[in-house]
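> missing the sequence, but the structure's below:
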């Protein structure tokens, strides 16, 4: 009964909202065909396809109006700030490419540090990763630490074209 109700809700949402409704109700959308939707106003959400959750907590990326929004990436392993920053930037690059963008097309970056004393070392790894024209950036040290014991978390907004 519960699954039938969810199925009915999804069908109603799909008829009202189209692709957006499906994404909002946890349907994983294939991001391989993003080029077809880049110029439209459709919202395309990419979620973790390996997730056990029927409705994910958040999307790893969202494409809307020619922009891609990438959720914060962290590093959840033992290592120093340089190791974590390198890993996070590699994960951002993968997610951007999967969505049809690149590091060179990033417009805005937010950097969340576990400790402001890591600012200089993080910058040593960060420098040059976004091409010759780096994006605007905000960097803060977060009270209470970055979730998941990462020393850094980074999110971004990029253009598709």
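Looks like it came in fine. Everything quoted here is computed from the prediction, not taken from an experiment. Residues are numbered from 1 along each chain as shown.

> Where do the strands of this protein begin and end?
Assigned by DSSP state E, the chain shows strands spanning 44-46, 61-64, 67-74, 106-113, 136-141, 152-159.

> quick one: average pLDDT of the shortest one?
It stands for strand 44-46. Taken as a whole, strand 44-46 carries a mean pLDDT of 67.

> Check the third one too.
The average pLDDT within strand 67-74 is 97.

> Pull out the buried positions in it.
67-74 (16 or more other C-beta atoms under 10 Å). All C-beta atoms are positioned from the backbone trio N, CA, C, and that covers glycine.

> I'd say residue 72 and residue 153 touch.
Yes: Residue 72 is in contact with residue 153 according to C-beta atoms under 8 Å; the separation is 4.4 Å.

> Residues in contact with both of these two, list them for me.
Residues touching both residue 72 and residue 153 (C-beta atoms under 8 Å, 6 or more residues apart in numbering) are residue 112.

> In the chain, where is pLDDT below threshold?
Scanning the chain for pLDDT under 70 picks out the ranges 1-53.

> residue ranges for the helices of it, please.
2-17, 19-24, 34-37, 81-99, 119-126 (DSSP state H).

> Other residues contacting the longest one?
Translated: helix 81-99. Under C-beta under 8 Å, 6+ apart, the answer for helix 81-99 is 31, 34, 46, 60-61, 63, 68, 70, 73-75, 77, 79, 102-103, 105-106, 113, 115, 118, 121-122, 124-126, 129, 150-154, 156, 158, 160.

> List the buried residues for that helix?
81-82, 84-89, 91-93, 95-96, 98-99.

> Near the closest residue to residue 133 other than its chain neighbours, how many residues? Count them for me, please.
Excluding its sequence neighbours, the residue lying closest to residue 133 (C-beta to C-beta, 6 or more residues apart in numbering) is residue 104, at 7.8 Å. Residues contacting residue 104 under the criterion other C-beta atoms under 10 Å number 15.

> All set now, cheers.
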